[in-house]
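Novice: Only the shape, not the letters, is given here:
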């Protein structure tokens, strides 16, 4: 969230459509991977120079261009201009502070998604933005950094069998979305395991550290919700078939990934419910600990304060205290106190205090 | 939930429509029960070999095929291909991690439901997935394990009277759903009894164990909600009559089972309300226990601390303390303390502390 | 709720439309009251034998038949068959575990309602189910037991003036619903009074008993909600005028009773809000009591523990303690302690602790 | 709410349309104020006898009749019959227990509103009901008591300029509603001031009295919500222009007052949020007070209990206790205790306890 | 909120459409800035006299008039009359107590927005109202005080390039809204930073001051929600394209700013969630502190109360107490007590209390 709060305000006062890169710069240079493919042919270009792919814009073949490193604004603008994208789209691509959304520009669809990954070295979730442009026979995919979640997808496209080669850009776009949605499942599984572990721990040992972890999970759920919930709207918009860019044969696949999204949403909601319930457990556990402490104090005080009073009596210096002279006075008092102590212990046991 | 978290992630990176069995394998082999029936005839095939039923796909009679053991993916694929099912359907059948849903593939409806059963030997709820394919004159039913909830249904179909024989596959599908929905009622009755018992216990004895049981019930309610709520949507979709596969004479029955589903939903919501209220009772009960403990401590301390002070006075070693010489000094002090103690006890009784 | 949990599960496995009486049997025999009436004539039949009223089914006059004792399933089935009711309707009539609803069977409307009455001898609310069949010129009314809430309605029909005689079966059905809705008002008034009394008591004396009463009220509100809320839907369905059985002149009356239902719903919601607020009061009251207890303990301990320390000093047996020899030592120490005690009392008064 | 709970049940069993006055009787007699007006003429009749205004029903001029004292049922029935009102309308006018609503009877609109005023002499909010009948060229206004909120409106009508004279009965009705809505603003301003004062007080001094006031405010907000929320629906119904009685030129004014109503609703919601937040402050304030008390007790006990133990040691009567004979024994022990006490005080200061 | 509560009530009883300035007067005089522009020409008038701009009303060129200081009611009325605005619009412009809204008067749109700015010198948020009139070729903008958020916008219009000159008044209006929406981002970033700081502090040191700050943030979020949420409706109304004043080429820009508004709303909701979670942290932190205090008390009391009892025993004055005579009695007792103390400390350490 740091990136967001540091940079979004830098855009105030600029005219709309001015692309300003918002977020962390994750790559030195921009790197492009362009694939042109038909059912039986496929050509791949790997380059750092945007000029090499500009000519593809007028190539009638199916194209899939992946751009890594969106901070290189001039290059991006050149590319987007070549493919006829609206300046507002370019502005949104370089602003990594978008929420997932779909926008229909008639000639193309503009889709924004988020990947959320657990990074071990910082022990926290990292969010990256993925922007897709889906045109008639082109898919443009913009990534923030060098992590490319679509490596498997590219492999599938390279192999000649499989539906990817024969179907259009809408199916390729679907494959992108499906890949992103599938990436959330292992993440949620990991989170679910962590939550269950925390739950075990909360019941046995409710300390300040557990509360901090609980709070941390809550914030991660907020982050995940913001990434996952809007996907539902994106997919339901695509599935409703309002755009002519989506062929009817793809609808069935979109419904499938829509279904997965609903499942993700339900899982996050279940986790939220569980986390809320764990806060209750933590609170009752604090109350229980206080109760335990107070019982110890009360047992000790209730047994010894009266006894101390009794020994205090025989510590008085009155001249005329006949008991003091009795030979059996001392053992008698000790015996009485013993009986008293045992009686009290017995009554506490009855109350289930000890 | 274990099965889910262990296996769902294993699908990442595979192309859509690749069937991967997700969940626990509950049977050694696949077992099939195929019935072909008309108003006056019925034939049953029991087999482990999928080839024996493939020919039924082109048989114009009414067919009901039950498949037990969905982990046998090749067999399933053969069967589904014979009946013309979409690869995504096969993928969903073998993935036991679906939410209840209905999908309309025009030629057939694909329905996913969940049975939830209390298993005594593990002392917890077990969820199994049931997938239904409803075609023009065929119902395919896929079960995870060897438990078959539709035994009674098969008996009814064997007997020549009854509506099942004369009505189409849509009515048979309704009968499946009705059976599943009816199975929830005894489960909810059991849960309701358990919740009431817990409530009694919470009022009399609020210990950590009761909290754990309460928490367990909450999780079971979450699980039940996830199984029952989506059924509402499934049935309302069927009842709206958008599919030509559902005859209008069946609508009245679907409305009936829809009504039962609403009743299930309301009951689960009532239980959720009751469980939330019980958490409040638990918390107040903890507070009350603390109050009780503190009252005991306060009563004991308030009575004996001042008395101990008094006996301390006469334990001082001042040379000139005339009271010490008085013959009635000792009984006088004892009397004063007795009066003091009685007065305090009386004042505590007035405050309803003892 | 007992009846529900004991019996609903007994239906599992039966084919749909099998009438099984669910609930408590409240009458020995079935008793029927049949009225045929036109503007100037009225005839009443009181009988225990269902055969006597079967012929009415073909009588073109307006008919109103009240059936008391729905456990007599064969009689009911005969009657319902004579009037052409669907088996699912009969099943729902004898199952007293329905939620209020309306179902449109084109030839007739099937309406289920609940009466909720406070029974003094069991000190709890009792729910009974009332089923209405509204046909072209017939109203069938099915009651569980011998309590008949429609006695006044019958009197109004007996008197020749009044709208009841001249208007159709839809108006008579409206009159039934209006009677039921009106019955809720005194009940809610009683509950409101009880809630206000409890509120008074909670502020002055928050004990475990009050919590139990509060909890009891909450459960009664859940029960009332389940009886009242669905009425809204029933009436809005009738008022929307989708059924040809409801004449347009009756709509204005339905709107009126719909309005009363909204008022009932708002009142129950207000009570729910009040009960939730009372839980807060109870909790703060517990906190306040703990605070009071702790203040007493702290005041006593803070005054006497230091004093006991001082007298302890002069109880030491050191050979060289010059103060012990002073003639004014004892009164001096006593005076110092008095001043100390007064000072502390004064400081506690300043803190508003005593 | 008293009136409601005492009287609403008295209607049970009566046929619909029977007018029964529900609520408090606020006037001895009924008093009528009838104005007939055109652009340049205006005539006012002040009377207690309903017969004097009955003839106006057939007068084609614009009419505005205000009725004060709705308990006089016969008079009301005469008047309403003359203007052709439905018996259900009369029943609703005399039942002061309505919720704000609008009903369209085609020839006229029936509008119910509530005024809520703070009455200083009872220190609570008082609710009165205002019923409006809006016909083609007539507005009937029914008030409960002698308070007439429309005095200013009458003055504006008396003066020849202003829109009121030239526009129809719908504009006059709008003016009524606008007056009522405007009356809520000062009330909410007063409540807002009171709530802010309470908030200040809760932070400095959280006693039982403050809780009671907080609870009182919560109940007043419930009452206000019930009076204000339904107005939104009333106005949105009028503005949608479904009735031919509302001229299109009036819509713009209705939108304006609708806007004010939204503002009232938002303000009440803001107050509800603030009151909920104040409950939290109260609870934390109780916790803080308990913490403070316990700290005092702990500081006192922790300092003096060990010291008392030390002096107890030297109060033992062992024959062989060499320290007792030391000349510097007494001052040494006193010094050690002083150092101990200072050390503890210092450690408490470090923990910010004192 | 002060201004609101002091002044809104002053309007009661006035006829609708009477402009009364509600709010604080922020300027001495009214100041006007009028721009007339076409693609290649631009003329600016700066004046305090409204008469100088009245003639612009009939000028067919594009016009943008900014009015600062809305308390000058006569001037405003003159201006609004010249541009043909409805009296209700004038009333709303001078009433700074509006909620953000859009009203369609066919010839022009009336838009109300709020700017919320953090003012360092009062350490609180200040809300100002901005009213826009969007006509065919005119934009009127009314500001409360001398702060003009549209300075950059004017600069962009002065420069000949840029879309502003060539597009119509709807685009200029969009530019106004975009400026306002962009202003919220830095404010929310500041708030987010403050909230994170508070969170850090709450975990380490939960004092009354932190609670006050938390409460302050909650109120600021309420204020922001009231300013931001209605914008969504305003923009969705404009984007839906129901008004002919909005050209279709502007829709894409409105969708963009709508998107930003959704982002603002989501951020405020996230902050609300975080603040609610922080209240929980505060409460648990209070509980933890109480637990800590009680543990200290219990440890001290549990160790020393039994020891004091033991020394009390040997302070008794019985004649026959053989231990007192033992030469090793004293060191023996001291040793026993030492062992006891160490044992207790060890058991407390085992319970993780010290």
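Specialist: Ah, there it is. As the structure is a prediction and not an experimental result, all values here were calculated from the model. Numbering: from 1, shown residues only, chains lettered A, B, ... in the order given.
Novice: check contacts around the residue of the stretch 201-350 of chain A found nearest chain C.
Specialist: Residue nearest to chain C within the stretch 201-350 of chain A: residue A:315 (6.9 Å; CB to the nearest CB). The C-beta positions use only the backbone N, C-alpha and C, and glycine is treated the same way. When contacts are counted by CB atoms under 8 Å, 6 or more residues apart in numbering or on different chains, residue A:315 touches B:311, B:312, B:315, C:315, D:315, E:312, E:315, E:316, E:317.
Novice: got the contact list for the last one?
Specialist: Listed by CB under 8 Å, 6+ apart, the contact set of residue E:317 reads A:314, A:315, A:316, A:317, A:321, A:324, D:317.
Novice: Show me the residues you listed that map onto strands.
Specialist: The strands in this structure, assigned by DSSP state E, contain none of the contacts of residue E:317.
Novice: Show me which residues of chain A sit near chain C.
Specialist: Taking CB under 8 Å from any CB of the partner chain as the criterion, the neighbours of chain C within chain A are residue A:315.
Novice: Show me the domain layout of chain A.
Specialist: A:2-155+A:162-284, A:291-350 (automatic domain parsing).
Novice: how far does stretch A:115-129 stretch from start to finish?
Specialist: From its first residue to its last, stretch A:115-129 covers 6 Å (CA to CA, to the nearest Å).
Novice: State the distance from residue A:351 to residue B:289.
Specialist: 10 Å (CB to CB, to the nearest Å).
Novice: between these two, which one's more packed in?
Specialist: More neighbours surround residue B:289 than the other of residue A:351 and residue B:289, with 19 against 13 (other CB atoms under 10 Å in any protein chain shown).
Novice: which non-adjacent residue is nearest that one?
Specialist: In this structure, residue B:289 finds its nearest non-sequential neighbour in residue A:291, 5.8 Å apart by CB to CB, 6 or more residues apart in numbering or on different chains.
Novice: Quick one: neighbours of the closest residue to residue A:30 other than its chain neighbours, just the number.
Specialist: Using CB to CB, 6+ apart and skipping residues adjacent in sequence, the residue nearest residue A:30 is residue A:72, 3.9 Å away. Counted with other CB under 10 Å, the neighbours of residue A:72 add up to 22.
Novice: Tell me the pLDDT of residue A:72.
Specialist: Per-residue pLDDT puts residue A:72 at 86.
Novice: got a list of contacts for stretch A:133-142?
Specialist: Applying CB under 8 Å, 6+ apart, the contact partners of stretch A:133-142 are A:56-57, A:60-67, A:70, A:76, A:79, A:83, A:85, A:89, A:93, A:107-111, A:130-132, A:150, A:168-170, A:172-173, A:176, A:245.
Novice: quick one, helices of chain A?
Specialist: A:2-7, A:51-54, A:73-82, A:87-94, A:151-158, A:163-166, A:169-204, A:208-239, A:248-313, A:322-325, A:329-350 (DSSP state H).
Novice: Would you mind finding the most buried of the ones you listed?
Specialist: Most buried of the helices of chain A, by mean neighbour count (mean count of other CB atoms under 10 Å in any protein chain shown): helix A:87-94, with a mean of 22.
Novice: Which positions in chain A make contact with chain D?
Specialist: residue A:315.
Novice: I'd say residue A:206 and residue A:285 touch.
Specialist: Yes - assessed by CB atoms under 8 Å, residue A:206 is found in contact with residue A:285 at 3.7 Å.
Novice: Where does the stretch 51-200 of chain A get nearest to chain B, residue-wise?
Specialist: For the stretch 51-200 of chain A, CB to the nearest CB, closest residue to chain B: residue A:186, 3.6 Å.
Novice: Mind telling me which of the helices of chain A the model trusts least?
Specialist: helix A:2-7 (a mean of 41).
Novice: And the domains of chain A: which comes nearest residue E:22?
Specialist: Among these, domain A:2-155+A:162-284 comes nearest to residue E:22, with 29.7 Å by CB to CB.
Novice: backbone phi and psi for residue A:120, please?
Specialist: As for residue A:120, its main-chain torsions (degrees, to the nearest 10) stand at phi -60, psi -40.
Novice: What is the burial count for it?
Specialist: Neighbours of residue A:120 using other CB under 10 Å come to 7.
Novice: Over to the one 10 residues further on?
Specialist: As a burial measure, residue A:130 scores 23 neighbours (other CB under 10 Å).
Novice: ok, now which ones touch it?
Specialist: With CB under 8 Å, 6+ apart, residue A:130 has these contacts: A:112, A:113, A:114, A:115, A:141, A:142, A:143, A:144, A:149, A:176, A:180.
Novice: so how far is chain D from the closest residue to residue A:319 other than its chain neighbours?
Specialist: In space, and not counting its chain neighbours, residue A:319 is closest to residue B:325: 5.5 Å by CB to CB, 6+ apart. Distance from residue B:325 to chain D, counting by CB to the nearest CB, to the nearest Å: 20 Å.
Novice: Wait, residue B:325 touches residue B:314, no?
Specialist: No - Residue B:325 lies out of contact with residue B:314 (CB under 8 Å); the separation is 11.6 Å.
Novice: What parts of the stretch 101-250 of chain A come near chain B?
Specialist: Taking CB under 8 Å from any CB as the contact definition, the stretch 101-250 of chain A meets chain B at A:152, A:156, A:162-164, A:175, A:178-179, A:182-183, A:185-186, A:189, A:192-193, A:203.
Novice: Out of those, which comes closest to chain C?
Specialist: Ranked by distance to chain C (CB to the nearest CB), these are led by residue A:203 at 23.4 Å.
Novice: Nearest residue to that closest one in space, please, no chain neighbours.
Specialist: In space, residue A:203 comes closest to residue A:281 once its chain neighbours are excluded; the distance is 6.5 Å by CB to CB, 6+ apart.
Novice: Report the contact partners of the one you found.
Specialist: By CB under 8 Å, 6+ apart, the contact set of residue A:281 is A:199, A:202, A:203, A:206, B:211, B:215.
Novice: Let me know the closest of those residues to chain E.
Specialist: Among the contacts of residue A:281, residue A:206 lies closest to chain E (CB to the nearest CB), at 9.3 Å.
Novice: follow-up on the earlier one: pLDDT score for the residue of the stretch 201-350 of chain A closest to chain C?
Specialist: Note on residue A:315: pLDDT of 92.
Novice: coming back round to it: just list the residues touching the residue nearest to residue B:289, thanks.
Specialist: Taking CB under 8 Å, 6+ apart, we find residue A:291 in contact with B:286, B:289, B:290, B:293.
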